[in-house]
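Chemist: Just to be clear, the model below is a prediction. Sequence and coordinates:
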Protein chains: 2
Amino acid sequence: MSTFETLTGRVNDVLCAVNALQWDARVMMPPGGAETRGQQIATLKGLARQMILAPEMGDAAEAALEAATTETDHRAAQAVLEARAYHARLPASLLQAQAESAAIANAAWVEARARSDFAIFRPHLERSVALARQQAEALGYDGHPYDPMVDLFEPGETAASLSALFDELRAGLRPILDAALGRPAPRRDFLFRDFPVAEQQRFCHEIAGAMGFDFDRGRLDTTVHPFEISQTRNDVRITSRWTPGYLPMAIFGSLHETGHGLYELGVDPGLTRSVHATDLRGLYAVGGTSFGMHESQSRLIENHVGRSPAFWARHFGRLRDTFPEQLGDVTLEDWLAAINCAQPGFIRIEADELTYDLHIMLRVRIEMALMDGSLEVAEVPGVWAEAMAQDLGLKVPDDARGCLQDVHWSHNYFGSFPTYTIGNLTAARLFAQLQQDPAIATGLAQGDYAPLRSALQAQVWRHGRARSRRELLETAAPEIGETEAYLAHLHDRFAA
Amino acid sequence: MSTFETLTGRVNDVLCAVNALQWDARVMMPPGGAETRGQQIATLKGLARQMILAPEMGDAAEAALEAATTETDHRAAQAVLEARAYHARLPASLLQAQAESAAIANAAWVEARARSDFAIFRPHLERSVALARQQAEALGYDGHPYDPMVDLFEPGETAASLSALFDELRAGLRPILDAALGRPAPRRDFLFRDFPVAEQQRFCHEIAGAMGFDFDRGRLDTTVHPFEISQTRNDVRITSRWTPGYLPMAIFGSLHETGHGLYELGVDPGLTRSVHATDLRGLYAVGGTSFGMHESQSRLIENHVGRSPAFWARHFGRLRDTFPEQLGDVTLEDWLAAINCAQPGFIRIEADELTYDLHIMLRVRIEMALMDGSLEVAEVPGVWAEAMAQDLGLKVPDDARGCLQDVHWSHNYFGSFPTYTIGNLTAARLFAQLQQDPAIATGLAQGDYAPLRSALQAQVWRHGRARSRRELLETAAPEIGETEAYLAHLHDRFAA
């Protein structure tokens, strides 16, 4: 093993340990552990940063760059040099200030949301925005101060590219939404019956397994806010929640995280301890090439596969057997109509497929304007209410159901929201292309997901971070426009 | 916070992360994670070692030594300087060789035990012994090469001190054992009935809680080989196993680990991130001052409290309510006789309280002789068989039930066995003294364990590693001889 591989492998080990600590904190840790867990994670991240910035890492990366004979090796070395430049630009004092302010801001946000009072959170959000702008200045940018923030989550995208993309999407969504909302609402009463947790868990483990989630290389556990995290590419942890009075939460949450999990499980084993399996800038060990590509895999499994008639033609019988009393009076058609029904609402994480992106685009507009100073923090609730009225015809009743609903800003996270919509767009492009393969289409109809997995593995999963999202799409779906497949899908599902 | 506190706090964070990874590996990790988990742990331990050996740590410890105004501060600085000297003496190449040989030796041991064939393990044990002797030479010693090995687990003890102690114990055990074996065997059939796992778990959670295990600061989970490990002093994880066909395994295993857990939970909160909470030589974050003192707390709860008539007078009703069919024909007296019955057997971990130490003393004699070269590895099975015949009157049927039964040597662990017996002796000394306090004695009789816990916390737990086992005993049980209380306890329980 070369020095370069040894050194980056060690950074990867530390970041995988961080992931293990984070998974534990959210799934297993008793309350007493909270006091020191944050400190443990901060110490390990600090060590990883030191290891990346160490002169020996620079020498090893330079040597690896020179010795590289393949494009992949070249990129690995390049990625380390870029990570070094990134960390060198970010002063430790800023990271420290962000970590300290995040702890306080998050506590203020929890209180503000509970009391539905934006004034409590406002000074903290002002501080978060100020720190984010300092971060953007430290990192540098050519166009917009939002650019270096987005780049952390979705390399290559900018305020300009996103604005153009989202304008196109918004224009296409409008007529579909109008058509969908003109339809009579289907029966949905049965979704809210009493579904015992143990049976929900059994069914969700079953469908995760049916989709190909490998329980010898991963786990599905219980949490409050579902997520996926990898300890390594052979130990992928997904989580779900079980809401006794609302069945779709567990099912589609589990399918969503299964999609994330399959991506991680599918990374080339050779990349397991390599720099291609780790985001060295975010100090976050993620197997996927970007947050948007990761989200595309979860949305593909959740929405394109998991909400399709073909999927439920295979699995609805089993679901009804699991809940004979609750679903005894429900047909397959009732079920499909209920789980694919558009209903504007205030809350992003409860939004249906059709209205979800409008929630995202609102947040992205606000983030961009906060970053370039064209919007004051004090103006956020007003802008929010205006957009909800215009986009969804809803009057925001209070801040808790308005601009205080998301945790992201309290964690100094600016620039991650666009990746949800990029995930939706990317999922649709990939799925439209994959469906043209007769083996995949036949498999989906018959409940055999192996052909789909093989194609995703070959075209997306195995590459880890070795290729960018745009590069992967150029090969996987070269002839499908950025919004084309997604709008066609939404039209078919909600307005056809 | 001083530089010394910051630097040692960081080492503590890394070692607590190691513990989190180890807990996860043994309780939660899917098989796929095994491949890289060892590497992650090795990387973190290597970083901790680097941090201890870094010049800045030396400067900080020297400064802290000079600035120390209390005995406790003085010892903390001294402990870091000793750890630096220890790690400086141990060459990284030896650690590497031990880590590599342990992986291979452990696999060979698993196979050897499965086939009950010592010849398969023999070359690996020879290599382990050779490496242990190299380690002893590197660390240095005045008396016996076993001394520096024991010192890692039980600071201050030596081959000479242990030999004298164990000779005294052996002489005292013999007449008690003879008397016990002359008695008629009680009924034990009901211990082997079918006890559903879920009910075992519920009962064991209950008694752990009754003993004072704080589930807001810890967890009790399922594993194959029960153990206790701390993520921090406010997040203590204990484990147990549930054997459907043998009830005592779960109950006394859970009480044993509860004792370990109480010790960790009771460390002074101020020591949580301090050097007094971490063994910097073993790179193992342990709250107790030695392995023997740790074992004393588990044995005190398991045997002195947990097998006592007073304990079961309080809890037997609840146990019989939990298993009404299985224990319907069993009286409190039947139960007490069955769980306190001496029966010589081949397997250490299944041994009763009375014969347990004979298993330990056999291993310690062999370890000492292997270390000083007076015994060849090839002679181990013969020595083993001879001792089992002489001590327990048993003819060892095969190597699997003989010298291949323990995992320790395959992990290059030499010197830890004595701490089991030291734990038994220490538990008895502490308990004999504590029982003289009327509040504690009354509490034990009434099922109120708070007075016992308060005393143990004040005399033992809160000090973490800030005082040695011998120092703690000088205060807690100054007038009780090393074997006196233990032999009296065994006599009362088995031969009175």
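Modeler: Done, it's in. Residues are numbered from 1 along each chain as shown, chains lettered A, B, ... in the order given.
Chemist: could I get whichever strand or helix holds residue A:381 in PDB with only the CA atoms?
Modeler: Here residue A:381, judged by DSSP states H and E, is contained in helix A:380-392. What follows is helix A:380-392, C-alpha atoms only, in PDB (Å, rounded to 0.1, in the frame of the first residue of the first chain):
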ATOM      1  CA  VAL A 380     -37.900  36.000   6.300                       C
ATOM      2  CA  PRO A 381     -41.400  35.400   7.900                       C
ATOM      3  CA  GLY A 382     -43.000  37.800   5.500                       C
ATOM      4  CA  VAL A 383     -41.300  36.400   2.400                       C
ATOM      5  CA  TRP A 384     -42.200  32.900   3.500                       C
ATOM      6  CA  ALA A 385     -45.900  33.800   4.000                       C
ATOM      7  CA  GLU A 386     -46.000  35.500   0.600                       C
ATOM      8  CA  ALA A 387     -44.500  32.500  -1.200                       C
ATOM      9  CA  MET A 388     -46.800  30.000   0.500                       C
ATOM     10  CA  ALA A 389     -49.800  32.000  -0.500                       C
ATOM     11  CA  GLN A 390     -48.600  32.500  -4.100                       C
ATOM     12  CA  ASP A 391     -47.300  28.900  -4.700                       C
ATOM     13  CA  LEU A 392     -49.700  26.800  -2.700                       C
END
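Chemist: Residues touching that helix, excluding its own?
Modeler: A:118, A:125, A:344-346, A:355, A:358, A:361-362, A:365-366, A:369-370, A:375, A:394-396, A:399, A:402-403 (Cβ atoms under 8 Å, 6 or more residues apart in numbering or on different chains). In this view, the C-beta of every residue, glycine as well, is placed from N, C-alpha and C.
Chemist: How much space separates the spatially most central residue of chain A from residue A:454?
Modeler: In chain A, the C-alpha nearest the mean C-alpha coordinate belongs to residue A:295, at 4.3 Å (Cα atoms, centre = their mean). Plainly put, residue A:295 is 21 Å away from residue A:454 if you go by Cβ to Cβ, to the nearest Å.
Chemist: just residue A:300 next, same as before
Modeler: Using Cβ to Cβ, residue A:300 is found at 14 Å from residue A:454.
Chemist: next one: the helix or strand harbouring residue A:84 to chain centre, how far?
Modeler: Using DSSP H and E, residue A:84 maps to helix A:71-89. From the chain centre to the centre of helix A:71-89 is a distance of 24 Å (Cα atoms, centre = their mean, to the nearest Å).
Chemist: ranges for the strands of the stretch 201-350 of chain A?
Modeler: A:218-222, A:228-232, A:235-240 (DSSP state E, counting those that start in this stretch).
Chemist: for the first one, which positions count as buried?
Modeler: If I follow you right, that is strand A:218-222. By neighbour count on 16 or more other Cβ atoms under 10 Å in any protein chain shown, the buried set for strand A:218-222 is A:218-220.
Chemist: now, which of these lie close to chain B?
Modeler: A:218-219 (Cβ under 8 Å from any Cβ of the partner chain).
Chemist: Around chain B, pick out the residues from the stretch 101-250 of chain A.
Modeler: So far as Cβ under 8 Å from any Cβ goes, the stretch 101-250 of chain A lies against chain B at A:214-219, A:231-232, A:234-235.
Chemist: among those, which two are most distant?
Modeler: A:215 and A:232 (15.5 Å; Cβ to Cβ).
Chemist: more crowded one of these two?
Modeler: Using other Cβ atoms under 10 Å in any protein chain shown as the criterion, residue A:215 and residue A:232 rank with residue A:232 on top: 27 against 13.
Chemist: OK, contacts around the more buried one?
Modeler: By Cβ under 8 Å, 6+ apart, the neighbours of residue A:232 are A:16, A:272-273, B:32-33, B:35-37, B:40.
Chemist: Excluding covalently adjacent residues, which one is nearest to residue A:280?
Modeler: Distance criterion Cβ to Cβ, 6 or more residues apart in numbering or on different chains; nearest residue to residue A:280, sequence neighbours excluded, is residue A:83 at 3.6 Å.
Chemist: now do residue A:309
Modeler: Leaving aside its chain neighbours, residue A:309 sits nearest to residue A:336 (5.8 Å; criterion: Cβ to Cβ, 6+ apart).
Chemist: Spit out the contact partners of that neighbour.
Modeler: Counted by Cβ under 8 Å, 6+ apart, residue A:336 has contacts A:307, A:309, A:312.
Chemist: per-residue pLDDT, it?
Modeler: For residue A:336, the model assigns a pLDDT of 98.
Chemist: and it, how far is that from residue A:127?
Modeler: From residue A:336 to residue A:127 the distance is 47 Å (Cβ to Cβ).
Chemist: Over to residue A:43?
Modeler: 24 Å.
Chemist: And those two? Which one has more around it.
Modeler: Neighbour totals were compared for residue A:43 and residue A:127, and residue A:43 leads with 25 against 19 (other Cβ under 10 Å).
Chemist: Wait, residue A:278 touches residue A:272, no?
Modeler: No: using Cβ atoms under 8 Å, residue A:278 makes no contact with residue A:272, being 10.1 Å away.
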